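S.K.: need a structure here:
(3 chains)
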Amino acid sequence: MAAEAGFAHDVLVVGAGGAGLRAAIAAAEADARLNVAVVSKVYPMRSHTVSAEGGAAGVIRSGDSFEEHAHDTVSGGDWLCDQAAVEAFVDEAPKELLRLEHWGCPWSREPDGRVAVRPFGGMRQLRTWFAADKTGFHMLHTLFQTSLRYESITRYDEWFVTKLLVDDGRVRGVVAIELMSGRIATIVAKAVILCTGGCGRVYPFTTNASIKTGDGMALAYQAGAPLKDMEFVQYHPTGLPFTGILITEAARAEGGWLLNKDGYRYLQDYALGKPEPTPVLRSMELGPRDRLSQAFVKEVEKGRAIDGPYGPVVHLDLRHLGDKVIEAKLPFVRELCLAYEGIDPARQLIPVRPVVHYMMGGVHTDIHGATPLAGLYAAGETACVSINGANRLGSNSLPECLVFGARAGRAAARYAVSAASSEKLAPIGALATDERRRLDDLLHREGGRESISAIRTEMHRTIEEGAGIYRSADSLAKAGDKLRELRERYERVRIEDHSRTFNTAFIATLELSSMLDVAETIVRCAQLREESRGAHQRTDFPDRDDKRFLANSLIYRSADRGARVEYLPVTITRWPPAERVYGR
Amino acid sequence: MSLNYTEFHPRWYRPRMPVFWWVGRRSYFIFVLRELSSVFVAWSVVFLLLLISAIGQGSKQYQQFLHLSSNPWMLALNVITLVFLAFHAITWFNLAPQAMVIRLRGRRVPPSRVAGAHFAGWALLSALVAWLILG
Amino acid sequence: MTEHIVLQVARYRPERELEPTQQEYEIPLRAEWAVLDGLNHIKDHLDATLSYRWSCRMGICGSCGMTVNGEPRLTCGTFLTDYSPGPIRIEPLHHFPVIRDLVVEIGDFMRKLPEVKPWLIRDEDSVMQPKAELLQTPAELDEFRQYSMCINCMLCYSACPVVGLEEDFLGPAIIALAQRYNLDSRDEGAQARMDVLSSAEGVWGCTFVGECTTACPKGVDPAGAIQRYKLTAAAESLRSFLLPWRSA
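M.R.: Residues are numbered from 1 along each chain as shown, chains lettered A, B, ... in the order given. Next up, the predicted model:
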């Protein structure tokens, strides 16, 4: 097969969402001579950043302070956050949000014209900037439209990266498939920044779009970079039952209540404070997501949840907010409820349940977005710095994309400028040949036993049962065994579409491999963390164990698809571990 | 292969827009009628100019003009023209609010008011002309 | 006994055929299923070779636009029961080249988009290190908010006959986006966008069919945006004609 023409860039960003576009702009701004490229398996406007609703946190009000935002984040993360990173993050977040405002982002405003902020879960002060209830949409479109101004940024739209090329401990580029034609190309790059988002699609019920399959995490893992804190999977307490569509935390921030089948605000039974008629910060419905999701499970166990056609649910009550507030602050929530549940939230209760929403874990990076692999960077949900620790606070992930996207972009730019020119290094074609052959062989494979959808469905069932909101040694061991079996069955999967042109079945097959890799790391890390902290709850180890586990887990791929786990002690700068207190 | 497909170079299918693209769909059909109505608007202007010219040239020309106008074909044409004129006015008045976004005291004037104002103006002018001619 | 419904889906496999064909699939008729859920059922259980785009399944990413029974719709927000007993005809969006099955080529749109400079234009050195926000009242935000809601789903292009007839026409979404910036009180770029917008490929290519606004799932009203700009452009022409010494 004839070799495809190569493409060469200084900085290559994989993923064109909030973090990816911000990284590309930062690299282009750092040095206009740099040749920057962004490769994404979907057009940038389709990236999952677009569906974020609630808001982006940044300290701007006079009564607020960086210290408070940092403390809220660290305690929200159950002390697993890298505090130096959190301090840098809270300092840069408002600057990034302001920059975005100057790029045109239509933040909602106070009557006097200043940017408005709203309360949000786990935050002691009002600091969440918002653009109605479509914050992610407006941020993404602002970033995308702003990126169009930079002529030094090239885009590869609808190209799927299948492998990171690594030689002699440094990243040299990627191999990618152009979806439209099916051609396989090698893209040479001095620095690669992974901004491919999270992996919610590993689970059956998720707010995440179909594209969130953990590809970047798998790329890094396969290339030898470690993944960090993979056991910490965030369930968002309020997703719609069948579709998993997100009902934003902002609904609770504006005053929504969570009710069980008796119409009782059950969160008061779970050390989250006393019910007040209006929202109280860090209390009740404005508690952290992990605690709210765990409360749901307990209510189900007590038989106090409502039985729905798709399993148990509780009710989100927005009726007392009134039409005016809902129209002004939560119009998208109303649209979604009407379209997907046939319910008008101003008049009826919304059925909700916890659904997987965000991955705290990801590719291990330092405070500049650099991984241990030379030339490889990561930012956004794909990365784990970690600023979110064991549980992310709502409205921290959008600024995270901006702050660390920019940091990674700048760091990658610095690296690319100082890196040796590619003529001095070994030719890259040879590295890519194996991967190209592997892909061609896979595409043309005949026979095979099962469909990818069968394996995927079983993976879903396995991981939800084994590594859901509550886990045990037993459930995790079973899940680990099953996933190993599923990996073997995957090696014999049936390729049903052998064509080249826009073969989405083939891409889904490759995505399933990413998801199986990620699922295995989640289960393995959860097995080894014998404590309960934040979003990782072990029924057999119900308490937090700072002596053994005040550390991030790092999982490395070892030969024959095994894995090796190490622990990295958490960086504590200002806040020694304390009790997480909400509601008082 | 006789399909003109070369590996990695798929041929995109480019459907042609049919000549009668506007027939199958009600909204397109009404749009084309609306566009067509401008022909009749032009005719009504020409007719008015002919009328004025005939008046200006004296009683004999005027009588000739009236005779021409009472011809059944001319009558039919002018009736059709009247229908299209009304159609033209109504569709454009209804579309006007989309083009004219007016803000009074910070709030947008509702589209129905903008359209309504156009119709009201039409009615007023028609009443004025009627009064001038008949009164 | 579950009810069923038939989907008549357009197929096009350039490696095997010169023209699109149609394939019928019978799927369960579930009350909460959108057309997209039906397509996913086909792909997962009946025919994995069907290619189409989708992502968020909540009407915000703009990926899943297709022609359903002749109308441009987001298949994630269009429900099977609205069409029962069926059959439902599913085809790719109109006025775009078809790459494969229900996947269309939108490269033309992506190339035209930067021509209207859809970004905030300000004469400002401090953009990268801003000290404070640019003030904007809720009323000023209201002026352009509607036009900022576009998800680039391209349903308006599928609905607009001019897009199909005139290759160079910028199209509804692009002009609406230009208006979004023109009407943003923080923007200073109206002059920079004027030439492109006032050309024959810009607003003057539009004949106000209005189908774009009807098709838009987000209430953007691109037709309104375009007609408003026609007034702006006409006023500007008049002004530069009558008062040539006054630059806008």
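S.K.: and the least confident helix or strand in chain B by mean pLDDT, how far out from the chain middle?
M.R.: The weakest-scoring helix or strand in chain B, judged by mean pLDDT, DSSP states H and E, is strand B:107-108 (a mean of 77). Distance of strand B:107-108 from its chain centroid, counting by CA atoms, centre = their mean, to the nearest Å, is 29 Å.
S.K.: so what are the sheet partners of that strand and their directions?
M.R.: strand B:103-104 (antiparallel) (DSSP bridges).
S.K.: give the closest residue to the spatially most central residue of chain B in space, chain neighbours not counted.
M.R.: The centroid of chain B falls nearest to B:His88 when counting by CA atoms, centre = their mean (3.0 Å). Leaving out its chain neighbours, the residue that sits closest to B:His88 by CB to CB, 6 or more residues apart in numbering or on different chains is B:Ser37, at 4.0 Å. Glycine gets a C-beta too; all of them are placed from N, C-alpha and C.
S.K.: residue contacts, the one you found?
M.R.: Contact analysis of B:Ser37 by CB atoms under 8 Å, 6 or more residues apart in numbering or on different chains lists B:84-85, B:87-88, B:91.
S.K.: next, format those as a markdown table and append distance to A:Gly448, secondary structure and pLDDT.
M.R.: Compiled in a markdown table, the contacts of B:Ser37 are given as follows (distance: CB to CB, whole Å; DSSP: H, G, I helix; E, B strand; the rest coil; pLDDT from 0 to 100):
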| residue | distance to A:Gly448 | secondary structure | pLDDT |
| --- | --- | --- | --- |
| B:Phe84 | 66 | helix | 96 |
| B:Leu85 | 70 | helix | 95 |
| B:Phe87 | 63 | helix | 95 |
| B:His88 | 65 | helix | 95 |
| B:Thr91 | 60 | helix | 93 |
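S.K.: sort out which one of these lies nearest chain A for me.
M.R.: For the contacts of B:Ser37, the closest approach to chain A (CB to the nearest CB) belongs to B:Thr91, at 30.5 Å.
S.K.: so A:Asp64, which state does it fall into?
M.R.: coil (DSSP: H, G, I helix; E, B strand; the rest coil).
S.K.: what sits against it?
M.R.: So A:Asp64 contacts A:125-127 (CB under 8 Å, 6+ apart).
S.K.: nearest to A:Gly468, of those?
M.R.: Nearest to A:Gly468 among the contacts of A:Asp64: A:Arg127, at 31.3 Å, using CB to CB.
S.K.: then the strand or helix carrying A:Val188 to CSV, C-alphas only?
M.R.: Per DSSP states H and E: A:Val188 is located in strand A:184-194. C-alpha atoms of strand A:184-194 as CSV (Å, rounded to 0.1, in the frame of the first residue of the first chain):
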residue,chain,number,x,y,z
ILE,A,184,-4.5,6.9,7.0
ALA,A,185,-1.9,9.6,7.5
THR,A,186,1.0,10.3,9.7
ILE,A,187,1.1,13.8,11.2
VAL,A,188,4.5,14.8,12.5
ALA,A,189,4.6,17.1,15.5
LYS,A,190,7.2,18.2,17.9
ALA,A,191,4.6,18.6,20.7
VAL,A,192,1.2,16.9,21.1
ILE,A,193,-1.5,18.2,23.4
LEU,A,194,-4.3,15.8,24.3
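S.K.: got the contact list for the spatially most central residue of chain C?
M.R.: Residue closest to the mean C-alpha point of chain C, counted by CA atoms, centre = their mean, is C:Met154 at 2.7 Å. Going by CB under 8 Å, 6+ apart, C:Met154 touches C:62, C:65, C:93, C:96, C:104, C:106, C:109, C:173.
S.K.: next one: A:Cys337
M.R.: When contacts are counted by CB under 8 Å, 6+ apart, A:Cys337 touches A:240, A:247, A:343-345, A:350.
S.K.: what about the residue of the stretch 251-400 of chain A found nearest chain C, neighbour count?
M.R.: Per CB to the nearest CB, A:Ala339 is where the stretch 251-400 of chain A lies closest to chain C, at 5.6 Å. A:Ala339 has 19 neighbours, counted by other CB atoms under 10 Å in any protein chain shown.
S.K.: hey, what's the closest residue in space to C:Glu19 that isn't next to it in sequence bridged with?
M.R.: Spatially, and ignoring its direct neighbours in sequence, C:Glu19 is nearest to B:Tyr13 (6.8 Å; CB to CB, 6+ apart). Judged by DSSP bridges, the bridge partners of B:Tyr13 are C:Val98.
S.K.: ok, and the most crowded of the contacts of A:Cys337?
M.R.: That'd be A:Ile247 among the contacts of A:Cys337, by other CB under 10 Å, with 29 neighbours.
S.K.: touching, that residue and A:Leu240? I think so.
M.R.: Yes - with contact defined as CB atoms under 8 Å, A:Ile247 counts as touching A:Leu240 (6.5 Å).
S.K.: any residues in contact with both of these two?
M.R.: A:336-337, A:350, A:352.
S.K.: in CSV: these, plus pLDDT and secondary structure.
M.R.: As requested, those are exported to CSV (pLDDT from 0 to 100; DSSP: H, G, I helix; E, B strand; the rest coil):
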residue, pLDDT, secondary structure
A:Leu336, 94, helix
A:Cys337, 95, helix
A:Ile350, 96, strand
A:Val352, 96, strand
